[in-house]
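Visitor: give me coordinates for this.
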Amino acid sequence: MSTELRRKSIHFSGLILPILYLWFDRAFLLLLVGSLTCVALLVEFGKWKSPRFRAFFFRVFSPLLRTHERQGAITGATYYLISTLLCIHFFDKPLAIVCIFFMVLGDMSAALVGKRWGKTKLIGEKSLEGSLACFVVCTAISFVFFYLPETHFWKLPPLATARRFHPLLGIGGAFIATVVELLPFRLDDNLTVPLIAGAVMQVLSNAGG
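Guide: Next comes the predicted model:
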């Protein structure tokens with residue numbers, strides 16, 4: 001398996017936590033994700049504090065890390081766990097799940113499509129084609145969870161907003177996620193995309209309630 005394929009597989013595995021949240025309650029997910037986040041932060045602290053541990057960590061995981069992560073930056077996995085924990089804590093359950101899906105699938109679709117078909121450059125290496133892919137995927141995600149709140153696969157509590165606001169939530173959230181993914185924030189996309197999109201959707205949801 002190539003290094004890039006391994007990276008994408010690990011990135012895709014980020015769907016495990018929001019899928020678990022479909023069947024388990026907030027308290028359980030907060031405990032689970034909180035524990036994983038503590039472990040990740042301990043690893044980050046060990047990298048910073050112990051040269052021996054840092055050498056071991058990079059020897060094992062270096063092929064899976066991006067350049068800035070190999071230079072000692074906090075890994076995307078740690079940012080993912082922090083962001084997931086914050087989404088679960090602060091947002092309504094459907095919104096939290098959608099935001100985490102945005103983070104995993106929206107970002108991945110933008111990267112894959114942009115790398116393969118990205119001809120029209122917008123900001124840096126980001127392309128119009130990648131951004132459109134991100135928007136389409138995020139819109140599809142939000143409509144699945146907002147319009148199918150109860151199926152034989154899962155049950156989600158209704159949002160505070162009236163049903164007529166759902167299209168605005170879905171399209172607005174997808175648009176915000178796409179713009180945030182495109183803009184060159186200094187913070188990691190795993191933090192900015194779900195938290196900003198989630199905050200906007202939560203405000204819209206509360207305003208429509």
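
Visitor: where's Ser83 relative to Lys115, distance?
Guide: Using CB to CB, to the nearest Å, we find Ser83 at a distance of 23 Å from Lys115. C-beta: built from backbone N, CA, C; applies to glycine.

Visitor: between the two, which one's more packed in?
Guide: For Ser83 against Lys115, the residue with the higher neighbour count under other CB atoms under 10 Å is Ser83, and the figures read 25 against 13.

Visitor: list the contacts for that one?
Guide: Ile100, Met103, Asn190, Leu191, Pro194, Leu195 (CB atoms under 8 Å, 6 or more residues apart in numbering).

Visitor: between those residues, which sits nearest Ile16?
Guide: For the contacts of Ser83, the closest approach to Ile16 (CB to CB) belongs to Ile100, at 10.1 Å.

Visitor: quick check: the closest one touching Thr84?
Guide: Yes: look at Ile100 against Thr84 with CB atoms under 8 Å: they come within range, at 5.6 Å.

Visitor: what do those two both touch?
Guide: When contacts are counted by CB under 8 Å, 6+ apart, Ile100 and Thr84 are jointly contacted by Leu17, Pro18, Pro194.

Visitor: the second one: what's it in contact with?
Guide: Contacts of Pro18 were listed using CB under 8 Å, 6+ apart, and they are Thr84, Ala96, Ile97, Ile100, Phe101, Val104.

Visitor: sort out for me which of the contacts of Ser83 are in helices.
Guide: Judged by DSSP state H, the subset of these located in helices is Ile100, Asn190, Leu191, Pro194, Leu195.

Visitor: how many neighbours does the fourth one have?
Guide: Residues within reach of Pro194, counting by other CB under 10 Å, total 30.

Visitor: OK, contacts around it?
Guide: The contact partners of Pro194, taken as CB under 8 Å, 6+ apart, are Ser83, Thr84, Cys87, Cys99, Ile100, Phe102, Met103, Ala177.

Visitor: how about the nearest residue to it, chain neighbours excluded?
Guide: With CB to CB, 6 or more residues apart in numbering as the criterion, Pro194 has its nearest non-adjacent residue at 3.8 Å, and that residue is Cys99.

Visitor: just Thr37 next, same as before
Guide: Once its chain neighbours are removed from consideration, Thr37 has its nearest residue in Leu81; the separation is 4.3 Å (CB to CB, 6+ apart).

Visitor: and that neighbour, how far is that from Ile100?
Guide: Counting by CB to CB, the gap between Leu81 and Ile100 amounts to 11 Å.

Visitor: what strand or helix carries Thr78?
Guide: Under DSSP states H and E, the secondary-structure element containing Thr78 is helix 76-90.

Visitor: where in this protein is pLDDT low?
Guide: Under the criterion of pLDDT under 70, the regions of the chain flagged as low confidence span 1-8, 148-166, 208-209.

Visitor: can you give me the buried ones in the top helix by length along it?
Guide: With DSSP H setting the assignment, residue counts place helix 26-49 as the longest helix in the chain. For helix 26-49, the neighbour count (16 or more other CB atoms under 10 Å) marks Leu29, Leu32, Val33, Leu36, Thr37, Ala40, Val43, Glu44, Lys47 as buried.

Visitor: just stretch 85-93 next, same as before
Guide: Residues of stretch 85-93 classed as buried: Leu85, Leu86, Cys87, Ile88, Phe91, Asp92, Lys93 (neighbour count, 16+ other CB under 10 Å).
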